[in-house]
Structure formats: C-alpha cells, structure tokens
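In: What follows is a predicted protein model with its sequence.
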Amino acid sequence: METLTHSQAVDIAARVRAGQLSPREVVDACLARIAATDPGIGAFQLVDAEGARRAADALSRRPDLSGLALAGVPVAVKDNLDVAGLPTRYGSAATADAPADRDDELVARLRAAGAIVVGKTRMPELAIWGFTESRAFGGTRNPRDPSRNAGGSTGGGAAAVAAGMVPLALGSDGGGSLRIPAANCGVVGLKPGRAVTALASSHWYGCTAFGPITATVADAALALDVLAGAHRWRDVTPSGEPLRVAVSLRSPSPIGRPDAGARAAVELAATLLAPVVRADPPYPMTLINSWVRHWLAGVALDAEQLGLDESRLEPRTRAVIARGRRLRRHGRPDPAESAAWRRKARDWFAGVDVLVTPVVARPAPLAGWGTDTGYLRAYLNAARGIPYTQAWNLAGLPALSLPLGGTPDRPGAVQLVSTDETTLLRAAARLEQAAD
C-alpha cells in the first residue's frame, strides 16, 4: 500500500489501463493512507470515501477504461472548486454548506479522463493568503516539517501530495497559491498561462489560473493536458536542445530578500542548467502594488458574487474586502497597469527561453501562526517571504515550482518561468532529471 500511494499518476493510470490494478484497489489504498496520515497534517477539509468508492466501481465498468489518461488516479480538489454532491466552502464559515449541483468544468474534465475525486482540501478563507489557516476549518501542516504551515493558498493540496495521500491535487493560483505551498512541501506546482485552463481569464481580474500539484513534472504535464483539453504535453521529455536560461535572485518586492536556502537552490539550478546568464527581469517599481490592487479588488468582487454572510468572515478578510471595495469605487485596478507589464515581460523573454528564480524567500510560518494574525501582519509576512510569484500572474505567463536541493525538513525549490508551457515543462523535466 505504501508503494502504491506514493506512486506517480502516470504509473497508476498505466497499471489500471493494463488491468494490473483495479480502480477500487487504488482508491482503497489512497483512503487508508489518508486515514493514517491526515490527522496529523490536516490536508483535507472533507473526505468523500463512499463517493470515491462508488466512482471507482463505476469506472471499472466503463468500456473506455483502457484508453483513459488518468484511469483510476485519485485526485484532491481545492475547496474553491465545485464537486457535485459536496459543499464548496472557500475555507469560510461565511459560505453555505449546501452541496454543489454539478462539477466545475475542470473537475468534470478530470473525471472524464478517469480520475477519482476523494475529497476537498483546506485553504485559507477565500484563498487570500500564502498560508493555510482558517478559523472555520483549521490549518494544514507541512508533511516535511510538521512544526510549520504548508503555505497557501493551495496548502491542503500540496500537503496531500507531499504525504503520499494522492498523486494529484487541483488548485488555483492568483499570486503563487500553487507554487508557494508546492515549494514548501517539496512537490511540483504548475501555474498555467492565462486562459490555458477553463475559467482562468476572469478571476481576480485575470490573475488567477487553475492547475495541478503533483510529485513529478511528468504528472504535472499529464494533468495539464487533461485540464486544458490540449493533448500536447502528456509525453513531455527533457529538452535536449540548447536553452537560453536566465538566473535571477532579484526580488520584485523592496522588502523581500532571499535567505541562504532560497539562494542555494537557485545556484544549484544554475550549475545543473549551465551555461546560464545572470539577468534580472525588468520589474517595475510599482509591480507589487499593482498586483496588490488586483488582489484586493478581486477578493472584494468574490465577496459580492458569493453572497457571503459577512458577519461570519475573519476580521482580516473583512479588512481585505473593505480595501478592495474602495479600490473598485475608484475604478481600480486599471487594466493598463497589467497590460504594460505583460508587454515588458514578453519583450524581455525575446532573449530568454527560461527564467529561474526562488519561489519563496524564507520558510513558511510556524503552524498556527496564521490562525488569529491580523491583516497588516499577514500582508507584511507575504511581502517579505513570498515576493517572487505574483509578477507572473500579472504577466499571464506560465510558471512552475520545482523541488531542488534543500534538507529533509526544508525542501529547496526554484521557480521556472517561460512564455509557453511546452518550453517550461521541457526545461523543468531537464532540471528534474539532472538533479535525480
């Protein structure tokens, strides 16, 4: 069971397609692993054991089982995406607990490809923060260092994959929410480019993308293929062609500085991908403030659209919404802000295939730190600790967090950025292979 639950999605699907494993065997092993492991981690908000077993039995009867890309692969879904029959709570007591009528389009695509949803994962309220703590549903610990939070906002998904509970988690990334917890937990987090996966063009004024967290680049490529309906990436191979690789430690935030661990991971990547050039992206001085305006206004818009009982929101969430509403009243964010940066970023990449930077500047907060932390303290923690990811949400470019180096209790990680998913995934596969 241990070997099976730590298997890659690619391998599980191949064995199910070949009849070497049944979907029910896979799901039972997954559920047993969750029951044994999750009480000390808190990755899942809700486990749908009976629903998963019913889905596995139904999958076994599908006549197309032998051709399904994700045949029998257990998947965990972040709790801001609808799963039919389960409530979507957005990490908040202010939302209704009524079950969703239908699957989100991305969930439906995973199921159509043979994946089996085993539950919903924890997130901070409204996916606002880079740590996963909520008053309503609790926090998520890092399986690699349980004294620390997993990061966020897809912290539950990253912890579930890192602990071998599932090989694939589906989440969202509006400013680093896939890449940050993936880096903390030592797994792969992939933010696709703008509008590559369904629904990604509108949330948080275009900053949010939906994508996978997995244990390997091959699994991330396969999952992206299914989510995008593209059939372009599932057979990704390490790039054998020369790559123009730029390496940068410069932080877009004036108060965010990489610590020794973050720098060491980037330097290791530079060695493994040599030759590289040292070149900093042309981050505008206003870049972080621009993203913050998109974030605040986006959360305020979420609050309006979700019909929340705002009296039940956490105080720091109410502070975010109040600031966002003031921005919206004054016509912010201005679309010209992000458009100018998108043009500048793409022009810079004309001379570079792949950029390598840190993902996080320092370790995640201690477990429990975010339970009652106020708005200002939480915001400053993000500005100092996780300043490298938001630029690429604004630019709409694909970015990936890859585990590299580090120590047993603090995984190292680097962020790779490119203008297209094919180049990004091939470069990531090359670096993953070189580090193996």
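Out: The structure has been received and is ready for your questions.

In: And the helices in the stretch 151-300 of the chain?
Out: Taking DSSP state H, counting those that start in this stretch, the helices of the stretch 151-300 of the chain run over residues 155-162, 179-185, 217-228, 260-272, 287-306.

In: buried set for the second one?
Out: Within helix 179-185, the residues scored as buried using 16 or more other Cβ atoms under 10 Å are 179, 180, 181, 182, 183, 184, 185. All C-beta atoms are positioned from the backbone trio N, CA, C, and that covers glycine.

In: Pipe those into a markdown table and attach distance to residue 348 per row.
Out: Output for these, formatted as a markdown table (distance: Cβ to Cβ, whole Å):
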| residue | distance to residue 348 |
| --- | --- |
| 179 | 20 |
| 180 | 23 |
| 181 | 28 |
| 182 | 25 |
| 183 | 23 |
| 184 | 28 |
| 185 | 30 |
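
In: For those, could you give me CSV that also reports pLDDT and distance to residue 373?
Out: Formatted as CSV, these follow (pLDDT from 0 to 100; distance: Cβ to Cβ, whole Å):
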residue, pLDDT, distance to residue 373
179, 99, 22
180, 99, 16
181, 99, 17
182, 99, 22
183, 99, 21
184, 98, 17
185, 98, 21
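
In: How much space separates residue 252 from residue 190?
Out: 20 Å (Cβ to Cβ, to the nearest Å).

In: got it, and residue 224?
Out: 6 Å.

In: farthest pair in the buried residues of helix 179-185?
Out: Spatially, the most separated pair among the buried residues of helix 179-185 is 179 and 185, at 11.1 Å (Cβ to Cβ).

In: still on that earlier bit, out of the buried residues of helix 179-185, which comes closest to residue 386?
Out: Closest approach between these and residue 386, by Cβ to Cβ: residue 180, at 5.3 Å.

In: Ramachandran coordinates for the residue nearest to the closest one when sequence neighbours are not counted?
Out: Leaving aside its sequence neighbours, residue 180 sits nearest to residue 151 (Cβ to Cβ, 6 or more residues apart in numbering; 4.6 Å). Backbone geometry at residue 151, expressed as degrees, to the nearest 10, gives phi 90, psi 180.

In: check contacts around residue 151.
Out: 130-132, 142, 158, 180-181, 183-185, 360, 364, 386 (Cβ atoms under 8 Å, 6 or more residues apart in numbering).

In: care to break this structure down by domain?
Out: 2-228, 245-283+339-435, 287-329 (automatic domain parsing).

In: out of those domains, nearest to residue 237?
Out: Nearest of these (Cβ to Cβ): domain 245-283+339-435, 6.4 Å.

In: of the buried residues of helix 179-185, closest to residue 293?
Out: residue 180 (20.1 Å).

In: can you tell me how far the closest one sits from residue 169?
Out: For residue 180, the distance to residue 169 - Cβ to Cβ - is 14 Å.

In: And residue 363, by the same measure?
Out: Distance from residue 363 to residue 169, by Cβ to Cβ: 21 Å.

In: With residue 84 instead?
Out: According to Cβ to Cβ, residue 84 stands 18 Å off from residue 169.

In: Between the two, which has more neighbouring residues?
Out: Per other Cβ atoms under 10 Å, whichever of residue 84 and residue 169 has more neighbours is residue 169, with 31 against 15.

In: Contacts made by the strand or helix carrying residue 75 with the rest, please.
Out: According to DSSP states H and E, residue 75 maps onto strand 74-78. With Cβ under 8 Å, 6+ apart as the test, strand 74-78 has contacts from 26-27, 30, 43-44, 52, 83, 107, 110, 115-121, 123, 127, 153-154, 156-157, 160-161, 165-172.

In: Return the subset of the residues you listed lying in strands.
Out: Under the assignment DSSP state E, the contacts of strand 74-78 contribute 44, 116, 117, 118, 119, 120, 121, 168, 169, 170, 171, 172 to strands.

In: surely the second one meets residue 54?
Out: Just to be clear, that refers to residue 116. No: counting by Cβ atoms under 8 Å, residue 116 stays clear of residue 54, with 9.5 Å between them.

In: Show me what counts as buried in stretch 375-387.
Out: For stretch 375-387, using 16+ other Cβ under 10 Å, the buried residues are 375, 378, 379, 381, 382, 383, 385, 386, 387.

In: sorry, that was for stretch 419-428
Out: Across stretch 419-428, burial judged by 16+ other Cβ under 10 Å covers 419, 421, 423, 424, 425, 426, 427, 428.

In: Out of those residues, flag the one nearest to residue 213.
Out: residue 428 (13.7 Å).

In: Could you find the closest non-adjacent residue to that closest one?
Out: Among residues not flanking residue 428 along the chain, residue 217 sits closest, at 4.7 Å (Cβ to Cβ, 6+ apart).

In: Quick one: the buried residues of stretch 419-428 as a markdown table, columns for pLDDT, secondary structure and distance to residue 391 too.
Out: Below are these laid out as a markdown table (pLDDT from 0 to 100; DSSP: H, G, I helix; E, B strand; the rest coil; distance: Cβ to Cβ, whole Å):
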| residue | pLDDT | secondary structure | distance to residue 391 |
| --- | --- | --- | --- |
| 419 | 98 | coil | 14 |
| 421 | 97 | helix | 18 |
| 423 | 97 | helix | 18 |
| 424 | 98 | helix | 15 |
| 425 | 97 | helix | 20 |
| 426 | 96 | helix | 22 |
| 427 | 97 | helix | 18 |
| 428 | 98 | helix | 18 |
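
In: Where does pLDDT dip in the stretch 51-200 of the chain?
Out: By pLDDT under 70, the low-scoring segments of the stretch 51-200 of the chain are 198-200.
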